[in-house]
Structures are given as structure tokens and as C-alpha cells.
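**Student:** next one to model:
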Amino acid sequence: MALEVERKFPDVKLDSLRRKLAEAGAFCLGAHFESNTVFDAQDGSLAATGRLLRLRSQEWKTRLRHVLTLKLPAEVPAGTGQYKVREEREVGVADASAMKHILEGLGYRAVAQYEKIREPWLLDGVEVELDVLPFMEGAELEGEPGAIEAMQRRLGLDKTAMSTKNYHQLHQEWLQRNNLPARRSFVFSEAQRKAWRQQLGLGEENAVPPVSR
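**Tutor:** Numbers count the residues shown, from 1 in each chain. So this is what the prediction gives:
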């Protein structure tokens, strides 16, 4: 059991952040293609009570990783009011397809899927995620509150719009601003997915086929 403490920065310049991280001596863990499927009970009780059950697949050129994650509402510690704080429990999964069938057998159903290109960097105890999503580019800082504050200033993000919302909430806001109908999933188009997979040196097939929701 661990607390996830983070801040998001929507619509930042990833090239500029990447240069600053490299100049500061940050370590890049490698960009990868990420597919996520969100599950809920038939009555929607997980989302209704602030819980998230997610099956994630991460693809690098040389390896593939699957993770099952449960996120729960957390009692917010003092000094973390301007952060997104969740309790996070996760476990590695050998076979994503088998886990999907297990979850479905337990009565859960896939309610949404989302994709992104994630490029994690590590610097001074903070994980800096550079994310490309179908509807935006953004960055996420995760670590201890004091370390996040220092990293925010170091990377010049202290003058950038900050958010404690998750990508699902930011996606809903983007849909509203663009007068588009509400939907829970956000995945790349076939052409975008193919281009990104080629750029990352991945095969044509997806680790987790997108769902239409």
C-alpha cells in the first residue's frame, strides 16, 4: 500500500522540458506505448465510491509489462491540499488477457480504455512523466510534496497552469470546450497508433486491443 502524490501540468512544451531534464542530469527510463483498460462493477459502484480498477500494458522495444492497479480515495496528509493524492495498490500480471477474463468472471466489465505515450524521467526523488495523449500533451510530477515543489521551480513549471485532476477529467473538459459528445475512452486513431508504434520500434500489433466506448 502506498500513497500516490502528484501534480499535472496540461499543455506544456515537452521538448523544452526534455532538454531541461537532460541538462540537469535526469535519468530517462525510456518512452513506451501504454494501453489502459478501466473496469467497474455492473452497477458502477467502483467509480461511484471513488475507486479505480485498471489493467495497464506498457510496451518498450525490448520488453512488455502488465500491471493491475486499484486506486482508492486517501486521507489527504497535511500540506498536500494542492496535490492529487490517492492510495495505490498494484501487482504485476504475467498475462493481461487472462487477467481480463478473470475480472470479467468476477462480474467486472471494461468501461473505458485510454492510451498514451509515456516518457518517465527520474531526478532528485521525483518521477517526471512526459505524456502524449490523443487530445493533449502534458507532464506529471510524482513524489514527496516538498520535492515536487522544488522540481516544479527547477523545470520552470511554477509559472505554468497546474491541475490536480486526472486525465479522464481533463478529457471531459476538452470534449466540452470542443463541443464534442461525452465519452469515457480516449485512444489514438489507427494512423496515429501505427506512427507512434513505428517511432518507438514496436510491432504492428497492440498489447491490448482498443475498445469502443
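
**Student:** residues touching stretch 63-79, excluding its own?
**Tutor:** With C-beta atoms under 8 Å, 6 or more residues apart in numbering as the test, stretch 63-79 has contacts from 3-4, 49-58, 85-96, 99, 145, 207. For every residue, glycine as well, the C-beta is placed using N, CA and C.

**Student:** got it, and stretch 5-18?
**Tutor:** In contact with stretch 5-18 (C-beta under 8 Å, 6+ apart) are residues 80, 82-85, 119, 128, 130, 132, 136-145, 148, 152, 155-157, 160-167, 170.

**Student:** sorry, back to before: out of the contacts of stretch 63-79, which are buried?
**Tutor:** Buried subset of the contacts of stretch 63-79 (neighbour count, 16 or more other C-beta atoms under 10 Å): 4, 51-58, 85-86, 93, 96, 99, 145, 207.

**Student:** low-confidence stretches in this structure?
**Tutor:** Residue ranges of the chain with pLDDT under 70: 1, 76-81, 204-213.

**Student:** can you map out the strands along it?
**Tutor:** Using DSSP state E, the strands assigned to the chain run over residues 2-10, 27-28, 32-41, 52-59, 64-73, 84-93, 108-123, 126-132, 137-142.

**Student:** list the buried residues of stretch 95-115.
**Tutor:** Residues of stretch 95-115 classed as buried: 96, 99-100, 103, 108, 110-115 (neighbour count, 16+ other C-beta under 10 Å).

**Student:** gap between the two ends of it?
**Tutor:** 19 Å (C-alpha to C-alpha, to the nearest Å).

**Student:** of all the residues in stretch 16-27, which ones are buried?
**Tutor:** Buried residues in stretch 16-27, defined by neighbour count with 16+ other C-beta under 10 Å: 17-18, 20-21, 26.

**Student:** give me the beta-bridge partners of Leu122?
**Tutor:** For Leu122, the beta-bridge partners under DSSP bridges are Phe27, Glu127.

**Student:** and it, how many neighbours?
**Tutor:** Residues lying near Leu122 (other C-beta atoms under 10 Å) number 14.

**Student:** measure it to Val67 for me?
**Tutor:** From Leu122 across to Val67, the span is 18 Å (C-beta to C-beta, to the nearest Å).

**Student:** before we move on, what about Arg118?
**Tutor:** The spacing between Arg118 and Val67, counted by C-beta to C-beta, is 12 Å.

**Student:** what sits in contact with each of those two?
**Tutor:** Counting by C-beta under 8 Å, 6+ apart, the shared contacts of Arg118 and Val67 are Gln58.

**Student:** hmm, back to that, quick one: which of the strands of the chain is nearest Glu190?
**Tutor:** For Glu190, the closest of the strands of the chain is strand 108-123, at 11.7 Å, according to C-beta to C-beta.

**Student:** still on that earlier bit, what's the closest of the strands of the chain to Ser189?
**Tutor:** strand 108-123 (10.4 Å).

**Student:** contacts only, for the residue lying closest to Met151 once chain neighbours are set aside.
**Tutor:** Spatially, and ignoring its direct neighbours in sequence, Met151 is nearest to Val126 (4.5 Å; C-beta to C-beta, 6 or more residues apart in numbering). Residues near Val126 by C-beta under 8 Å, 6+ apart: 141-143, 147-148, 151.

**Student:** alright, I will stop here.
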